[in-house]
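Chemist: With the input below, show me the fold.
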Amino acid sequence: MAAGRFLVVKRGRVWYTRRESRKGGGGMRFTKMEGAGNDYLYINGFEEQVADPAALSVRMSRQHFGCGSDGLILILPSEIADFRMRMFNSDGSESGMCGNGIRCVAKYCHDRGLTDKTEFTVESGGEIKLLRLTLAPDGTTRSVRVDMGAPQLDGAKVPSAAVGCPVIGHPVKAGERTYALTLVNMGNPHAVCFVEDPDAAPVTTDGPLLERHADFPQRINVEFVKVEDREHLRMRVWERGTGETLACGTGACAAAVAACLNGLCGRSVAVTLPGGTLQIEWSEDDGHVYLTGPATFVYDGVWLQK
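Modeler: Purely as a prediction, here's the structure:
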């Protein structure tokens, strides 16, 4: 165990408490990780203190002047789960859930010794998610399966101005096009539209218009999805507060649910994004959506800016 911290075990959970600051200050340690190309900067809140994570996310996420990332995620203690995460987009806005981010949190907690369990819970946005890890032969985390819970399909609770449960084919105009949107909340709001070719879809022009449309009071994430066959979807995503990203775990879940609601696929599908492929299952048994995918360390760093 690294110097300057000690281990406390409480109710089967592992807690780290910072004993003393590093000599001479030395900046704030962080780790860059990615899940299917969705990259965030992770700060161990058991050791580091962040006074203003929203502002820090903006500064650290900047290309050229910062580290370059989709946002910032804090790993923290929880009173109701094994760990808690807080996720901030690159514009500083906070989101209740990140499917790729929570898998990286799981890998960090296990592979960096915060827990030796391969099944544990993480609190995010006031909800508790159960995670199951698959380990590689060397004992490190190879992939993570996340119980994302049941999708919220009530238009008012997405939230949106649309009425109905589920909301399928909700018309919204962006630019020169009118999109038929299926609305799904997976811990954050999503609008899914089906297109002939995601590569040619106007993600960067119509995405921000849909994100900020008046029908969505908290803004919304937008998925442009092609059904390749009943077991395979391909998509691009425009994330609120960030822009286009290489992957979005909750977005992949929303796309799978939307395709199933529209009768376009079964309840278990592979979803391919520019950053990789995620496996999504919408269980008939409990109604929950299960997300499985990789999580990878990129590098460790020290943030020196005041």
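
Chemist: Backbone dihedrals for L56, please?
Modeler: Taking degrees, to the nearest 10, you get phi -70, psi -40 for the backbone angles of L56.

Chemist: The most centrally placed residue in the chain and G175: what is the separation?
Modeler: The centroid of the chain falls nearest to C98 when counting by CA atoms, centre = their mean (1.8 Å). Between C98 and G175 the computed distance is 28 Å (CB to CB, to the nearest Å). Every C-beta, even on glycine, is put in place using the N, C-alpha and C of the backbone.

Chemist: thinking again about what came up before, got the contact list for the residue nearest to the centre of the chain?
Modeler: Taking CB atoms under 8 Å, 6 or more residues apart in numbering as the criterion, C98 is in contact with 38, 40, 71, 73, 85, 87, 124, 249-250.

Chemist: quick one: the helices in the stretch 51-200 of the chain?
Modeler: Counting by DSSP state H, counting those that start in this stretch, one finds helices in the stretch 51-200 of the chain at the ranges 53-61, 99-111.

Chemist: got the buried residues for the longest one?
Modeler: Neighbour-count burial for helix 99-111, counted by 16 or more other CB atoms under 10 Å, picks out 99-110.

Chemist: tell me how far that helix is from the chain's mean position?
Modeler: 10 Å (CA atoms, centre = their mean, to the nearest Å).

Chemist: and if you look at the shortest one?
Modeler: Centroid separation between helix 53-61 and its chain, computed with CA atoms, centre = their mean, is 17 Å.

Chemist: in the stretch 201-306 of the chain, which ranges drop under the pLDDT threshold?
Modeler: Nowhere does the stretch 201-306 of the chain drop to pLDDT under 70.

Chemist: Domain-wise, how is the chain divided?
Modeler: According to automatic domain parsing, the chain is divided into the following domains: 5-149+294-303, 155-287.

Chemist: Quick check: which of those domains has the most neighbours on average?
Modeler: domain 155-287 (a mean of 20; mean count of other CB atoms under 10 Å).
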